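Chemist: Any chance you can model this:
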Amino acid sequence: MRSSKWLVFIRSPLAGFDRSLTIYLFLVTVADAQDLSYYSDASLCRRLKIDPLQFSAARAQLEKAGLIAFAKPLYQVLSLDPDTLSLTADSAPRAGQALSAADILKRLAQGGGQ
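Modeler: Purely as a prediction, here's the structure:
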């Protein structure tokens, strides 16, 4: 059985942050080489201690932000192409510049990537 000590790492820095960030980091962590995850909603809710209704709302936020795709029972973490995120002209990186993970998480926390 796999150790779940890393879940403490995922949850602790996100205390007070939106549930969508917790779900996103979990999916990024467990995704296979094709960025796919086969965890069921029930399993994700149980592991992350999130209510199913709150989980559905957070998943919808991640889908709207273009960070994941979902087709039951499969999740796919999508590439972090700056063009797929809804950015304002003031906050958009210049062409050829990458977004840091911190910038992506900050934007998601400020309104689902909008």
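
Chemist: contacts and neighbour counts: CA atoms only from here.
Modeler: Will do.

Chemist: And the strands in this protein?
Modeler: 36-37, 68-71, 74-77 (DSSP state E).

Chemist: residues near Leu36, how many?
Modeler: Neighbourhood size, Leu36 [other Cα atoms under 10 Å]: 19.

Chemist: gap between the closest residue to it other than its chain neighbours and Ser37?
Modeler: Using Cα to Cα, 6 or more residues apart in numbering and skipping the chain neighbours, the partner closest in space to Leu36 is Gln76 (4.5 Å). Distance, Gln76 to Ser37, by Cα to Cα, to the nearest Å: 6 Å.

Chemist: what is in contact with those two at once?
Modeler: Ala31 (Cα atoms under 8 Å, 6 or more residues apart in numbering).

Chemist: I'd like to know which of the strands of the chain is closest to Leu53.
Modeler: strand 68-71 (16.0 Å; Cα to Cα).

Chemist: That closest one: which residues count as buried?
Modeler: 68-69 (16 or more other Cα atoms under 10 Å).

Chemist: That one - which strands sit beside it in the sheet, and in what orientation?
Modeler: strand 74-77 (antiparallel) (DSSP bridges).

Chemist: residues in contact with the strand it pairs with?
Modeler: So strand 74-77 is in contact with 27-28, 31, 34-40, 67-70, going by Cα under 8 Å, 6+ apart.

Chemist: let's see 6 Å
Modeler: 35-38, 68-69 (Cα atoms under 6 Å, 6 or more residues apart in numbering).

Chemist: And the average pLDDT for it is what?
Modeler: In this model, strand 74-77 carries a mean pLDDT of 94.

Chemist: repeat for stretch 19-31
Modeler: 92.

Chemist: now swap in stretch 56-66 and tell me
Modeler: Mean pLDDT, stretch 56-66: 90.

Chemist: Would you indicate which residues of it are buried?
Modeler: 58-66.

Chemist: re earlier: in JSON lines, list the contacts of strand 74-77 along with distance to Cys45.
Modeler: Converted to JSON lines, these look like this (distance: Cα to Cα, whole Å):
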{"residue": "Asp35", "distance to Cys45": "20"}
{"residue": "Leu36", "distance to Cys45": "18"}
{"residue": "Ser37", "distance to Cys45": "14"}
{"residue": "Tyr38", "distance to Cys45": "14"}
{"residue": "Ile68", "distance to Cys45": "17"}
{"residue": "Ala69", "distance to Cys45": "17"}
